[in-house]
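Asks: I need the structure of the sequence given here:
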Amino acid sequence: MNCKIIGIGGAGLNMINAVIDSGFDPENAVYIDTSRNAACAAKTDNFLEIGANMFKGCGSGKNQNGARVAAELAEGEILEAMKGAN
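Replies: A predicted model of the protein is given here:
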């Protein structure tokens, strides 16, 4: 069985880091964000930046609709990141 976790945005980053701190394999964690800078704080190397063309790597801020659109446009990449998970 291959379990993967996905963390999205700031709260997702906190969750991923806490789960990794508790012993979860960082290779099975995927962090997704619209901010390129946020990846520096992630304890996994599996980072997927979404909305790069929309937000120029600076994040969506509190623009939830923009973040949703970015996630919809990146659906294929998100599914690819989850390949092999049960």
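
Asks: what's the single longest helix in this structure?
Replies: Secondary structure of the chain per DSSP state H: the longest helix is helix 9-21.

Asks: contacting residues around the residue most central in space within the chain?
Replies: Centroid-nearest residue in the chain: Ile32, 1.4 Å away (criterion: Cα atoms, centre = their mean). By Cβ atoms under 8 Å, 6 or more residues apart in numbering, the contact list for Ile32 reads 6-9, 12, 47-48, 50, 71, 74, 78, 81. Using the backbone N, CA and C atoms, a C-beta is placed for each residue, glycine as well.

Asks: 10 Å instead?
Replies: Contacts for Ile32 (Cβ atoms under 10 Å, 6 or more residues apart in numbering) come out as 6-9, 12-13, 16, 38-39, 46-50, 67, 70-71, 74, 77-78, 81.

Asks: and the angle for the following helix or strand past the longest helix of the chain with helix 9-21?
Replies: Per DSSP states H and E, the first helix or strand lying C-terminal to helix 9-21 is strand 29-33. On the basis of axes from the mean of the first three to the mean of the last three Cα atoms, to 10 degrees, strand 29-33 is oriented at 160 degrees to helix 9-21.

Asks: what lines up beside strand 29-33 in the sheet?
Replies: Strands flanking strand 29-33 in the sheet, each with its direction: strand 5-8 (parallel), strand 47-49 (parallel) (DSSP bridges).

Asks: CA atoms of the first one as PDB?
Replies: Yep, that's strand 5-8 we're talking about. The C-alpha trace of strand 5-8 is given here as PDB (Å, rounded to 0.1, in the frame of the first residue of the first chain):
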ATOM      1  CA  ILE A   5      -0.800  13.200   1.400                       C
ATOM      2  CA  ILE A   6      -1.400  16.500  -0.300                       C
ATOM      3  CA  GLY A   7      -1.200  19.800   1.400                       C
ATOM      4  CA  ILE A   8      -2.600  22.900  -0.300                       C
END
